[in-house]
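1. One predicted model, sequence on top.
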Amino acid sequence: MTFRRDDILYLLRRLSTLAKAEGTTLEVAFYGGSCLLLAYDYQDRQLTKDIDAIFQQNEIAKALIHKIAKEEDLPEDWIDAGVRQFLSPVGTTYVSRLPELKSLPNLKISFPTAEYLIAMKIRSSVRARFGYEGDLTDLRFLARKTGLRSMDEVQAILDRFFDDEVIPVRAEEVLQEVIDETTKKT
């Protein structure tokens, strides 16, 4: 299953409507590809294979997500909380100010900062799955967007969120390529 930005927005509108009917506001943080599609204007990425998100009101959210899965003929795990394994105890998020998300009154949506997302993508890039290069492609985009200029800067970002981690070889190669491109332009 894959999701486009419009698919995600449609599902979030439905989730907001269901939360309103329950008399609650759900707090949710998006990560991964869905975060890049919604918050970072990633034009080259048109799809995400899953919607990585963590809800504060887990039990209420689970029930509403399950209801939407049935209504829309989606898999039970159309929202994937597996991203927890890549979270940092000091990770930082910000509440969305995007108009299409602000118009969802019963959802309080947040996203990781770009630097936090870089650190998470570095950690997840170790686990290539069947030739899937998504994390590395996302890492290229984020490195360009933030203007990373050295591997020391990258390591400092990783250290801020995950003590004593080293940059995996695959991620280092991708990041060095982007840094080299950036420094050639200046």
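-> Alright, I've got the coordinates.

2. so Tyr94 makes contact with Tyr116?
-> No. Tyr94 is not in contact with Tyr116 according to C-beta atoms under 8 Å; the separation is 9.8 Å. In short, each C-beta sits where N, CA and C put it, glycine included.

3. Compare the two and say which is more crowded by neighbours.
-> Using other C-beta atoms under 10 Å, the more surrounded residue of Tyr94 and Tyr116 is Tyr116, with 21 against 12.

4. what's the closest non-adjacent residue to that one?
-> Excluding the flanking residues, the one nearest Tyr116 by C-beta to C-beta, 6 or more residues apart in numbering is Gly91, at 4.8 Å.

5. okay but that neighbour is in contact with Phe161, surely?
-> Yes. At 5.8 Å, Gly91 counts as touching Phe161 under the criterion of C-beta under 8 Å.

6. Give me the common contacts of these two.
-> Shared contacts of Gly91 and Phe161, defined by C-beta atoms under 8 Å, 6 or more residues apart in numbering, comprise Tyr116, Ala119, Met120.

7. now, which of those sits nearest Lys145?
-> Nearest to Lys145 among the shared contacts of Gly91 and Phe161: Tyr116, at 13.3 Å, using C-beta to C-beta.

8. and that closest one, what is it in contact with?
-> Shown in contact with Tyr116 (C-beta under 8 Å, 6+ apart): Ser88, Gly91, Thr92, Thr93, Phe161.

9. ok, Ala53 - contacts?
-> Ala53 touches Val28, Ala29, Phe30, Tyr31, Ser34, Ile79, Asp80, Ala81, Val83, counting by C-beta under 8 Å, 6+ apart.

10. that older thread, of Gly91 and Phe161, who's got more company?
-> Taking neighbours as other C-beta under 10 Å, Gly91 and Phe161 compare with Phe161 leading, 24 against 19.

11. So for the more buried one, what's the pLDDT?
-> pLDDT, Phe161: 96.

12. From Ile8, how far off is the nearest residue to Thr2 once chain neighbours are set aside?
-> Excluding the flanking residues, the one nearest Thr2 by C-beta to C-beta, 6+ apart is Leu47, at 4.4 Å. Going from Leu47 to Ile8 by C-beta to C-beta, to the nearest Å gives 10 Å.
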